[in-house]
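Asker: can't give you the sequence, but here's the structure:
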């Protein structure tokens, strides 16, 4: 049996986090003497001093810093375990939050959500249409239960879901098409490029070829496509979003000698697969199922 309880570690953490016994006692609704006794008992049981006085305050000793850092991992694990138990006891989630990069095939997403709604008609869904690092940021913030992203999330395990093909396109009357020859990337530098802004608030990312002297940055892929059809620039766009525009001749692929198309592999990432409820798992499965049957989706894995 452990000599030190989780409650003792929690009290030590409170003293450190709140800058002293009095403030910690007020924050966690314990008396200062209770905290003092718990910390001294912890030191006695471990045979190590974890706090030292500095004027009228206390601070962690070097040994205390090491021990508390490891103890916080135990506390987080215990909290996670209790949360899993609570979710199991409560059953179904009332709401799930899904973040999907805008490049993900919209037909696949719509069919997956339709299938989910038949199975879980009373579960609310918050759908965030993200760009680049936006979904990963929500994962780090703990504000999304499930994301689909073209970027890896450090500390999270993703599963390959689908590969999205990007095509360099412009209006048929764009000056690049009027050259009537094979193009290289140097030709593009003299013309306006349309790019979509990263939706992340803190760590935004630039991706793809961005060497054009003129650049317009928009917030949504639909805006970029509308501008392309108005002959206002060129861009690399997911093929699934412009199939109708290509078929009708409103847009035309640029005849690049290299780099005219590229593949963007996408991942399905849970915030915490073990702690996810049945609705979150069901949404993930419907997304997998719809990707598997979609003729335009390039399955990964």
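Answerer: Now that the structure is in, tell me what you want to look at. Here the structure is a predicted model, which is why all the values come from computation and not from measurement. Residues are numbered from 1 along each chain as shown.
Asker: can you give me the helices in the chain?
Answerer: Using DSSP state H, the helices of the chain run over 6-18, 21-28, 32-46, 62-90, 106-119, 134-141, 175-178, 185-188, 221-229, 243-248, 278-293.
Asker: other SSEs contacting the fifth one?
Answerer: Put plainly, it is helix 106-119. Where contact means 3 or more CB pairs under 8 Å, 6 or more residues apart in numbering; DSSP states H and E, helix 106-119 is packed against strand 124-130, helix 278-293. C-beta coordinates here come from the backbone N, C-alpha and C atoms, glycine included.
Asker: and those as JSON lines, adding mean pLDDT?
Answerer: JSON lines is the format used below for those (pLDDT from 0 to 100):
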{"stretch": "strand 124-130", "mean pLDDT": "94"}
{"stretch": "helix 278-293", "mean pLDDT": "95"}
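Asker: Could you say which one of the ones you listed comes nearest to residue 199?
Answerer: Residue 199 lies closest, by CB to CB, to one member of these: strand 124-130, at 4.8 Å.
Asker: Which strand runs longest in the chain?
Answerer: strand 158-170 (DSSP state E).
Asker: Output the contacting helices and strands for that strand.
Answerer: strand 234-238, helix 243-248, strand 252-253, strand 261-270, helix 278-293, strand 298-299.
Asker: In this structure residue 15 contacts residue 34, no?
Answerer: No: counting by CB atoms under 8 Å, residue 15 does not reach residue 34; the two are 11.3 Å apart.
Asker: out of the two, which sits in the busier spot?
Answerer: Using other CB atoms under 10 Å as the criterion, residue 15 and residue 34 rank with residue 15 on top: 27 against 13.
Asker: Just list the residues touching residue 120, thanks.
Answerer: Counting by CB atoms under 8 Å, 6 or more residues apart in numbering, residue 120 touches 92, 279, 282.
Asker: go with 6 Å
Answerer: Neighbouring residues of residue 120 by CB atoms under 6 Å, 6 or more residues apart in numbering: residue 279.
Asker: about what we covered before: including mean neighbour count and distance to residue 20, could the helices and strands packed on strand 158-170 go into JSON lines?
Answerer: JSON lines is the format used below for the helices and strands packed on strand 158-170 (neighbours: other CB atoms under 10 Å; distance: least, CB to CB, whole Å):
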{"stretch": "strand 234-238", "mean neighbour count": "24", "distance to residue 20": "55"}
{"stretch": "helix 243-248", "mean neighbour count": "12", "distance to residue 20": "64"}
{"stretch": "strand 252-253", "mean neighbour count": "16", "distance to residue 20": "67"}
{"stretch": "strand 261-270", "mean neighbour count": "18", "distance to residue 20": "39"}
{"stretch": "helix 278-293", "mean neighbour count": "19", "distance to residue 20": "41"}
{"stretch": "strand 298-299", "mean neighbour count": "13", "distance to residue 20": "57"}
